Structure formats: structure tokens, C-alpha cells
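S.K.: Would you be able to build a 3D model of this:
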Amino acid sequence: MTEGDPVWDALVEALLGAPSNETKECHQPKAILLNTGEMSRPLPWHPTIIDVQIITIGSLAILAVPGEFTTMSGRRLREAVKQELDPSNSTNTDVVISGLSNVYTHYITTFEEYQAQRYEAASTIFGPHTLSAYLQLYRGLAKAIAENTVGELPKGPQPPFFNESQLFTFLGAVLVDRAPGNTTFGDVLEEANHHYLPGEVASVTFVAGNPRNSVTYMAEDTYLKVEKYENITGTWRTVHNDASWETRYYWHKGTGGQSNATIEWHIPLSAEPGIYKISHFGYYKETLIPASIKPYSGISSQFEIQKLY
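M.R.: Numbering: from 1, shown residues only. Predicted structure coming up:
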């Protein structure tokens, strides 16, 4: 909107504060309802240091943009960069916009689009000259690439790093995990079948801990493995993990701290015949105070993948 509503303005300003005269002037003709640009508790509501980036591969230039450019903004950005990289249009340079990259700054409209406001311009959070600022920065990067002077560009200020302890969340702390009676973490609740054909789905359900316990420990690890037995060497070879398209990991929260994890392997048509097994890895919280988090693992029974024909 270009005109505010007195009732809503008064209500929101009473709760969150009124925008300064400087901010109002900066964002004209926007009617500011949520003064997010000046709000910093518990953390800044908007980024104040923005990454801009260009990657070139031969005659292809990829613009990593930190927001959502409207169609016309994107056209102007592409043309500006192309003029710097290939002013004579002699190399048929292709410029591609790739977002959302590095950080998110909502929408970027043209100056003309900003005057009408509506959704995209209302979400252009740095004012009517946002696109002009981006054009200036991307043209500077493109010129440095064309003149091979990238190493001379100043690095600029570094964005702040917000660690996990500073982030606000509505999620409560994980309480203790409990295994059902006569079981322990990693035990198999539902086994795989004895035989499968390529194209079918192998599924195993394990007694599990809350996966939120594992975030700190599993960053460079995997929650699951699909392994094949190699007859020649007598060893197991990992053929898939949780980064594979063919695998799925489903966590099911129960009651009283109990939960289970179902691992599916969508067996590809290219799977080699042989003996396989599925393993699951995770962490469970044994005590709340002091917090004691321990690893666990589980392995399915062996099963056979048969030839499709």
C-alpha cells in the first residue's frame, strides 16, 4: 500500500515501535507497517551485509543473487552484466540468474514497480533504489572479471555469524529417549523381506532416538547405509547412504519418549544381484540433567536382491 491505515499503524507501532523519519523518507512511497529494518531483537530482522557473486564458466556467467528479482529487474541485471562482460557482443555471452543464493533479501523490484507498491515492492526491503545498488555492484564484479582484476577488489565487510545458541526457536528441548520394553536403541522392530527384485522397496524399522540429538555429531556422517556383501573379498561395501536418491529416512515420534525410524531403499533397476543389509545410526538422550547423549546403531537381517529376468 502507498497509504497506511491509522488503526493498524497505531496498533503495530505500539507493539513493535514506529519507523524513524529517516526510514520513512528512504522508503517513500511505501507505507511502513512493520518496521523490520530497525528491529534487532533478539537478532536483526533483516540482513545488513549482503553477498553478491558472479561465477563464469567459459562464455556462461552465473549471477548468484540474494533475493527474488522481478522479471524486469532480472532483465536489467542481465543486460548490465552482459554489457560489461561482452560490450561488443562478440562472444555470445550467456548470463543466467541463480537465486536464492548465499542470503535472502526478499524481493528486488525496479524503481517504477516500487512506486505502485503491491506485494513485490512492499517486500523490497531496502527501498526504491535497491535494484540500482545491485546493478552497481554486479557491474563492478563483471568489469573486474572482464579486465582480469578480480584480485584487486576489496573483500568488504564479513556477514555476522549467528551460532545455534543465539537463535530463537519455538522447539522445546529434547527430553530423554526411551526404548520399548525388552528392546534397546538400534533394535529392529520390522525386518526386511528375504528377497527383493529391482524396482521394489526394501524397508526396515528400528528403535530410534530423536534425530535432533544427532545434529551436532552427524554433520559429516550418515544416518543409514545400504551395504552389499562382496564374495571375493568377504567384506561389506557401502552402495548407498542418506545422500542417495534411492534411500528414505522417516522418523516417527511416539509417546513417552519412544520413537522409531523407518529406512527405505528404493531398489534401482541397476542394482546388482547379491546379499545386502541396511544399517541405521543415531544418538539418543539418556539423561536430561546433566545431558547425556550416546550413540547407537542397528543392522537389519541380510536379504537377497535377485535378477529381474
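S.K.: give me the element the closest residue to Ile275 other than its chain neighbours is part of.
M.R.: Spatially, and ignoring its direct neighbours in sequence, Ile275 is nearest to Tyr229 (4.2 Å; C-beta to C-beta, 6 or more residues apart in numbering). C-beta: built from backbone N, CA, C; applies to glycine. If you go by DSSP states H and E, Tyr229 is part of strand 224-230.
S.K.: and after that strand, which helix or strand comes next?
M.R.: strand 235-241.
S.K.: Please export the C-alpha coordinates of that next one as PDB.
M.R.: Taking C-alpha atoms only, strand 235-241 is exported to PDB below (Å, rounded to 0.1, in the frame of the first residue of the first chain):
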ATOM      1  CA  THR A 235      33.700 -57.700   3.100                       C
ATOM      2  CA  TRP A 236      30.700 -55.300   3.000                       C
ATOM      3  CA  ARG A 237      30.700 -52.500   0.600                       C
ATOM      4  CA  THR A 238      28.500 -49.400   1.100                       C
ATOM      5  CA  VAL A 239      26.500 -48.800  -2.100                       C
ATOM      6  CA  HIS A 240      24.100 -46.100  -0.700                       C
ATOM      7  CA  ASN A 241      23.800 -43.700   2.200                       C
END
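S.K.: got the contact list for it?
M.R.: 222, 224-230, 246-247, 265, 276-277 (C-beta atoms under 8 Å, 6 or more residues apart in numbering).
S.K.: Buried ones among these?
M.R.: Thr222, Leu224, Lys225, Val226, Glu227, Lys228, Glu246, Thr247, Trp265, Tyr276, Lys277 (16 or more other C-beta atoms under 10 Å).
S.K.: now the residues you listed in a markdown table, with distance to Leu60 and pLDDT?
M.R.: Shown next, in a markdown table, are those (distance: C-beta to C-beta, whole Å; pLDDT from 0 to 100):
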| residue | distance to Leu60 | pLDDT |
| --- | --- | --- |
| Thr222 | 33 | 95 |
| Leu224 | 37 | 97 |
| Lys225 | 37 | 98 |
| Val226 | 36 | 98 |
| Glu227 | 40 | 98 |
| Lys228 | 39 | 98 |
| Glu246 | 31 | 97 |
| Thr247 | 33 | 98 |
| Trp265 | 37 | 98 |
| Tyr276 | 41 | 98 |
| Lys277 | 44 | 98 |
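S.K.: what's the closest of those to Pro42?
M.R.: Thr222 (33.6 Å; C-beta to C-beta).
S.K.: still on that earlier bit, for the buried ones among the contacts of strand 235-241, which one is nearest Ser203?
M.R.: Closest to Ser203, out of all of the buried ones among the contacts of strand 235-241 and judged by C-beta to C-beta, is Trp265, at 7.7 Å.
S.K.: Which strands and helices lie in contact with the strand ranked longest in the chain?
M.R.: Using DSSP state E to define each element, the chain has its longest strand at strand 274-287. Under the contact definition 3 or more C-beta pairs under 8 Å, 6 or more residues apart in numbering; DSSP states H and E, strand 274-287 sits against strand 201-207, strand 224-230, strand 259-266, strand 292-299, strand 303-305.
S.K.: Export those strands as CSV, with columns for distance to Pro154.
M.R.: Compiled in CSV, the helices and strands packed on strand 274-287 are given as follows (distance: least, C-beta to C-beta, whole Å):
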stretch, distance to Pro154
strand 201-207, 52
strand 224-230, 45
strand 259-266, 49
strand 292-299, 44
strand 303-305, 57
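S.K.: Brilliant, that's me finished.
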